[in-house]
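Enquirer: Sequence plus predicted model, see below.
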Amino acid sequence: MLPLDEIMVGTHAFFGLLALICGVWLFAELRKDQVDVRTVKLLSLAIAAVVWIAWLTGGFWYIQYYPIDKAVINAGAMPYAHSVVMETKEHIFYIGLLVATTLPLYVYGLSNALATRDIGMKKFLIALVVIVVVGGIALESMGGLISIAAKYSWMVKAGG
Amino acid sequence: MASFAKERRLLSALTIGLAAGVLFTSLLVVVKETTPSVMQWLKTTFSHHWVGHGVLTLLVFALATIITYTFAKWGIGPQRSLWVVTSVTVVGVLIVLGFFISEL
């Protein structure tokens, strides 16, 4: 029998990591003097897609499977892992979702400005990408801490 | 020239939509956590409060973007858009994080 809960949460973290990788790549592309607009378009679409997949897989896991972990975390030595870290993560994720969703809309809609080396537009898109990358690092770190809290709490509950 | 105006309108609309969505999602956290009836309504309507939170956030973003694109007679440039997006993101994160830390 497949451990669907582990697969979902692992998939969620994996796609979050993909968003980070694409974000760093896009940052490098936007820093070039002559921006390859086709590559920038593809990467912006990829970021939006992987962030949405991360949201859907993480959301499914959060609703279906997390309540059991939540109860154990809240009863354990690191209740702040839920009350502060998870609560913050699950809500600021929506900020990242909005930024990631608007990224390809900005890129496709403003591709002429990019092609004509509009410095202001480049700086703006770079700022959006920095938000995606910094936010992604923060969210991955929070997810790691929540995982540690869950493992530790379950271990203590099991008598370890 | 027409293309530039259209691009400026799109930039403005997306930026206003993004700002509206970010501020809405941050403030909804405080409202639903402090007002049980709002939390209950989200749970009842969307089966889970977090799902409803997401749906409403995306709706606010979409509506604000469309309304701004359709009706706004002004435009904001990339530099102002950069400040708007950066500021609301920082403010939004601080609202959410600050609220849950204050609830400790």
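Expert: That came through, no problem.

Enquirer: so what's B:F24 closest to, chain neighbours aside?
Expert: If the residues on either side of it in the chain are set aside, B:F24 comes closest to B:V60, at 4.4 Å by CB to CB, 6 or more residues apart in numbering or on different chains. Glycine gets a C-beta too; all of them are placed from N, C-alpha and C.

Enquirer: burial measure for that neighbour, as a count.
Expert: By the measure other CB atoms under 10 Å in any protein chain shown, the count of residues near B:V60 is 19.

Enquirer: Can you tell me the element it falls in?
Expert: Under DSSP states H and E, the secondary-structure element containing B:V60 is helix B:49-71.

Enquirer: Tell me how far that helix lies from the chain's centre.
Expert: For helix B:49-71, the distance between its averaged C-alpha position and the chain's averaged C-alpha position is 7 Å (CA atoms, centre = their mean, to the nearest Å).

Enquirer: Helix or strand next in line after that helix, which one?
Expert: With DSSP H and E, the next secondary element past helix B:49-71 is helix B:78-102.

Enquirer: That next one and chain A in contact?
Expert: Yes - Helix B:78-102 is in contact with chain A by CB under 8 Å from any CB of the partner chain, via B:78-79, B:81-82, B:85-86, B:89, B:92-93, B:96-97, B:100-101.

Enquirer: can you give me the mean pLDDT across that helix?
Expert: Mean pLDDT, computed over helix B:78-102, is 96.

Enquirer: If I look at B:F4, what pLDDT would I see?
Expert: According to the prediction, B:F4 has pLDDT 67.

Enquirer: show me what contacts B:T45?
Expert: Contacts were defined as CB atoms under 8 Å, 6 or more residues apart in numbering or on different chains; by that measure B:T45 touches B:G52.

Enquirer: Check the spacing between it and A:S83 real quick.
Expert: For B:T45, the distance to A:S83 equals 25 Å [CB to CB, to the nearest Å].

Enquirer: Same question for B:A13.
Expert: In this structure, B:A13 lies at 37 Å from A:S83, with CB to CB as the measure.

Enquirer: in chain A, what residue is nearest chain B?
Expert: Closest residue of chain A to chain B, CB to the nearest CB: A:G120 (3.7 Å).

Enquirer: Pull the contacting residues for that residue.
Expert: With contacts taken as CB under 8 Å, 6+ apart, A:G120 has the following neighbours: B:77-79.

Enquirer: Mind giving me the PyMOL command for buried ones among those?
Expert: The command below creates a PyMOL selection of those among the contacts of A:G120 that count as buried (16 or more other CB atoms under 10 Å in any protein chain shown):
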select buried, chain B and resi 78
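
Enquirer: closest to chain A among the contacts of A:G120?
Expert: Using CB to the nearest CB as the measure, the one of the contacts of A:G120 that approaches chain A most closely is B:P78, at 3.7 Å.

Enquirer: Over to the residue nearest to that closest one when sequence neighbours are not counted. Which of the three states is it?
Expert: Beyond its immediate neighbours in the sequence, the residue positioned closest to B:P78 (CB to CB, 6+ apart) is A:G120, lying 3.7 Å away. Each residue gets one of three states, and A:G120 gets helix by DSSP: H, G, I helix; E, B strand; the rest coil.

Enquirer: repeat for A:L139
Expert: Secondary structure assignment for A:L139 (three-state DSSP): helix.

Enquirer: What parts of chain B come near chain A?
Expert: B:3, B:7, B:10-11, B:14, B:17-18, B:21-22, B:25-26, B:29, B:48, B:50-51, B:53-54, B:57-58, B:61, B:77-79, B:81-82, B:85-86, B:89, B:92-93, B:96-97, B:100-101, B:103-104.

Enquirer: Is it possible to mark the buried ones in those?
Expert: Judged by neighbour count, with buriedness set by 16+ other CB under 10 Å, the buried members of the residues of chain B next to chain A are B:7, B:10-11, B:14, B:17-18, B:21-22, B:25-26, B:29, B:50-51, B:53-54, B:57-58, B:61, B:78, B:81-82, B:85, B:89, B:92-93, B:96-97, B:100.
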